[in-house]
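>>> below are the sequence and a predicted model; questions follow.
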Amino acid sequence: MGELLLAALDYAAQGLPVFPIVPRGKTPAVARGFHAATTNPATIRRFWTDPDRNIGIPTGAPSGLWVLDIDGDKGEASLHSLEAKHGPMPKTRVVFTKRGRHVWFAYPGAIPSSAGRIGDALDIRADGGYVVAPPSIHQSGHIYAFEDSRTPLAAAPVWLIVAARIKPMQSMSEAPIAVTRPFGSANSRAYGQAALRDEIAILAATPRGSRNDALNRAAFNLFRLVAGGELTEGEVVESLRQACLANGLAQDDGWNGVRATIQSARTAGSQHPRSRGAS
């Protein structure tokens, strides 16, 4: 048996489904693509009748792993900037690619695949995606290789999971509530945006049983800042919405319940304006 077939069988023995990719490429070699991934040894042997086929592993729920794809120096610079703000990455399994690294994490559920969402030259391979696995061969001849294949998959830091799950904030046209001070100074924006990031990160990572209380608390705190002129109502509403998608509250309780909680907190928070330098 060829090295790639042996590796594919070894992945399957570890519970990781595999599917064939064209030799020295990244395109699936079977019609169903990553949906054809399997741990069945007989099927895998049929898939690798061509011993030069590369190995693909579906990311997300099928394999229990997801991947941060760091593309070259630009990706490393983006990741360094994120780590400087939020903290370092844990030690986990790493694959060296032709231009960069694939960082493998244990799958926490519900992470969409995306390109450039969390940073320039940083892509996510998760739900609906797949990754090329060692010892596959790049078209250049580079061999994908683990830094250490024995390293267990670590849980990604909360800030990375939140960044992968939440879309970039979009402004919304909302009816404004009264503000008590002018909006728009640089210091005001920095203060408000930092508070928004912190509140949304906590809410997005809140588990079942505490999510509605967390939504009420976050919305109340953020609408105080809206009333104080530190944030716009539109960005707060959209960020809360995305956090409730990320933590599953919107799916479990429905949007009517989410909207009711946000509206109640909006009413209460607007009566207690908060701004930089005030309590």
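Thanks, I have the structure now. Everything quoted here is computed from the prediction, not taken from an experiment. Residues are numbered from 1 along each chain as shown.

>>> quick check: domain ranges of this structure?
What automatic domain parsing lists as the domains of the chain is 3-165, 186-269.

>>> and those as TSV, adding mean neighbour count and distance to Ser275?
From N, CA and C alone the C-beta is placed, and that goes for glycine too. Formatted as TSV, those follow (neighbours: other C-beta atoms under 10 Å; distance: least, C-beta to C-beta, whole Å):
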stretch	mean neighbour count	distance to Ser275
domain 3-165	17	23
domain 186-269	19	3
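
>>> kindly reformat the ones you listed as TSV containing mean pLDDT.
Output for the domains of the chain, formatted as TSV (pLDDT from 0 to 100):
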stretch	mean pLDDT
domain 3-165	94
domain 186-269	86
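
>>> helices of the stretch 1-150 of the chain, start to end?
In the stretch 1-150 of the chain, the helices defined using DSSP state H, counting those that start in this stretch lie at 3-13, 41-47, 72-86.

>>> run the chain-centre distance for the longest one.
Centroid displacement of helix 72-86 relative to its chain, using C-alpha atoms, centre = their mean, to the nearest Å, is 15 Å.

>>> which elements pack onto that helix?
Identification of packing neighbours for helix 72-86 by 3 or more C-beta pairs under 8 Å, 6 or more residues apart in numbering; DSSP states H and E yields strand 65-70, strand 114-119, strand 122-125, helix 158-165.

>>> want to throw those into CSV with distance to Arg276?
What follows is the helices and strands packed on helix 72-86, written out as CSV (distance: least, C-beta to C-beta, whole Å):
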stretch, distance to Arg276
strand 65-70, 34
strand 114-119, 27
strand 122-125, 31
helix 158-165, 23
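
>>> of the ones you listed, which is nearest Phe146?
With C-beta to C-beta as the criterion, Phe146 lies closest to strand 65-70 of these, at 12.8 Å.

>>> so that closest one versus helix 158-165, what angle?
Interaxial angle of strand 65-70 relative to helix 158-165 (axes from the mean of the first three to the mean of the last three C-alpha atoms, to 10 degrees): 90 degrees.

>>> going forward, begin numbering at 39 instead of 1
From this message on, residue numbering opens at 39, which makes the last subject strand 103-108.

>>> contacts for strand 103-108 next, please.
Applying C-beta atoms under 8 Å, 6 or more residues apart in numbering, the external contacts of strand 103-108 come out as 54, 95, 97-98, 113-114, 117, 135, 138-145, 149, 159-164, 169, 191, 194, 198, 202.

>>> got the contact list for Val68?
57-58, 74, 85.

>>> all the strands of the stretch 189-317 of the chain, in order from the start?
Using DSSP state E, counting those that start in this stretch, the strands of the stretch 189-317 of the chain run over 192-193.

>>> for Tyr182, which of the helices of the stretch 39-188 of the chain is the nearest?
helix 41-51 (10.2 Å).

>>> hmm, who's touching the closest one?
In this structure, residues lying in contact with helix 41-51 by C-beta under 8 Å, 6+ apart are 39, 55-56, 58, 76-79, 82-83, 85-86, 89-93, 95, 171-174.

>>> hang on, isn't Ile82 packed against Val56?
Yes - between Ile82 and Val56 a contact is recorded at 6.4 Å, counting by C-beta atoms under 8 Å.

>>> report the set of residues contacting both of those two.
Counting by C-beta under 8 Å, 6+ apart, the residues touching both Ile82 and Val56 are 46, 50, 76.
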